[in-house]
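Chemist: Need the 3D shape of this:
(one chain, ligands or ions: 1)
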Amino acid sequence: MKLPICYYGHENLRKKAKPIKEITKYIEDLVSNMIETMGEDVGIAANQIGVALRLLVIAPIIKNNKSEYIIGSAEVYINPKLSEPSAETEIMSEGCLSFPSLHLDIERPKEITIEALNLKGQVIKEVVKGFKARQIMHENDHLNGVLFIDRFKDEKKKFYLERILKKMKKKYNK
Ligand SMILES: [Zn+2]
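Modeler: Numbering: from 1, shown residues only. This next block holds a predicted model:
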C-alpha cells in the first residue's frame, strides 16, 4: 500500500525515531509499504511516512550485465548504526521524497560503516562507498530528525533556498 509522505514542514520529520524492539508482522508490512511508497525513488526513512521507528530502505544503483545503471532491489536496514566516516568527503546532488523537485549539493564523507539488522533479524555490517554511502547517510539523518537542507553549506545560495522552503511549507501543509 502506498502511504502518504510527510513533506517539509511536517513535525514528524523533526522527530527522533526509536529503536525497533522486535521484527513483527507490523514491521514486515511497514517495510513493504515503504518500498511501494518509495516507488522509483532511491531511499525512504520511516519518519517520512509518519512512523518514528529506526528503519530505512534504499534502492541501490547497480550496473546490469549491459553495463547500464539501473535501480536495484530494495535493501532494508533496521536500527542502523553508522561509524567510521572517512575523512575524505565529496559533494553530490541530493533529492528527498519530502522535498519535491528540490536538489541540493551536499558534502558528506565518501565512505562509512553501517551495522544494522535485516528483516530476518540478522546482523549485517557493511562498508559502503560513494552513492550508496550517501543514500544511507541521508536516510539515517532522517531517523535523527536531521534533513539534507540542514547540511547545505553554500552561503550564497542559502537565501534562495529559504525562499523555496517557505513556498514549499505553504504548498504542502494546508
Ligand atoms: Zn530524504
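Chemist: Just want the most central residue of this structure.
Modeler: For the chain, the residue whose C-alpha lies nearest the mean C-alpha position (C-alpha atoms, centre = their mean) is residue 139; its distance is 2.2 Å.
Chemist: how far away is that residue from residue 173?
Modeler: Going from residue 139 to residue 173 by C-beta to C-beta, to the nearest Å gives 22 Å. Quick note: C-beta positions are derived from backbone N, CA and C, even for glycine.
Chemist: Next: residue 88.
Modeler: Distance from residue 88 to residue 173, by C-beta to C-beta: 38 Å.
Chemist: okay, the two: which has more neighbours?
Modeler: Set residue 88 next to residue 173 and count neighbours by other C-beta atoms under 10 Å: residue 173 wins out with 12 against 8.
Chemist: Name the nearest residue to the more buried one, ignoring sequence neighbours.
Modeler: Spatial nearest neighbour of residue 173, chain neighbours left out: residue 9 (4.2 Å); criterion: C-beta to C-beta, 6 or more residues apart in numbering.
Chemist: rewinding a little: leaving out chain neighbours, which residue sits closest to the residue nearest to the centre of the chain?
Modeler: Using C-beta to C-beta, 6+ apart and skipping the chain neighbours, the partner closest in space to residue 139 is residue 56 (3.8 Å).
Chemist: Flag every buried residue along the longest helix belonging to the chain.
Modeler: Counting residues, the longest helix found in the chain (DSSP state H) is helix 155-172. Buried residues in helix 155-172, counted by 16 or more other C-beta atoms under 10 Å: 164, 165, 168, 172.
Chemist: mean confidence score for it?
Modeler: Regarding helix 155-172, the rounded mean pLDDT is 93.
Chemist: Packing partners of that helix?
Modeler: In terms of contacts (3 or more C-beta pairs under 8 Å, 6 or more residues apart in numbering; DSSP states H and E), helix 155-172 is packed against strand 99-109.
Chemist: Tell me how far the strand it packs on lies from the chain's centre.
Modeler: 11 Å (C-alpha atoms, centre = their mean, to the nearest Å).
Chemist: Neighbouring strands - and their directions - for that strand?
Modeler: The strands that strand 99-109 pairs with in its sheet are strand 89-96 (antiparallel) (by DSSP bridges).
Chemist: Show residues contacting the partner strand.
Modeler: By C-beta atoms under 8 Å, 6 or more residues apart in numbering, the surrounding residues in contact with strand 89-96 are 41, 101-110, 130-131, 134, 138, 147-148.
Chemist: go on, stretch 61-68?
Modeler: For stretch 61-68, the external contacting residues (C-beta under 8 Å, 6+ apart) are 42, 69, 70, 71, 72, 131, 132.
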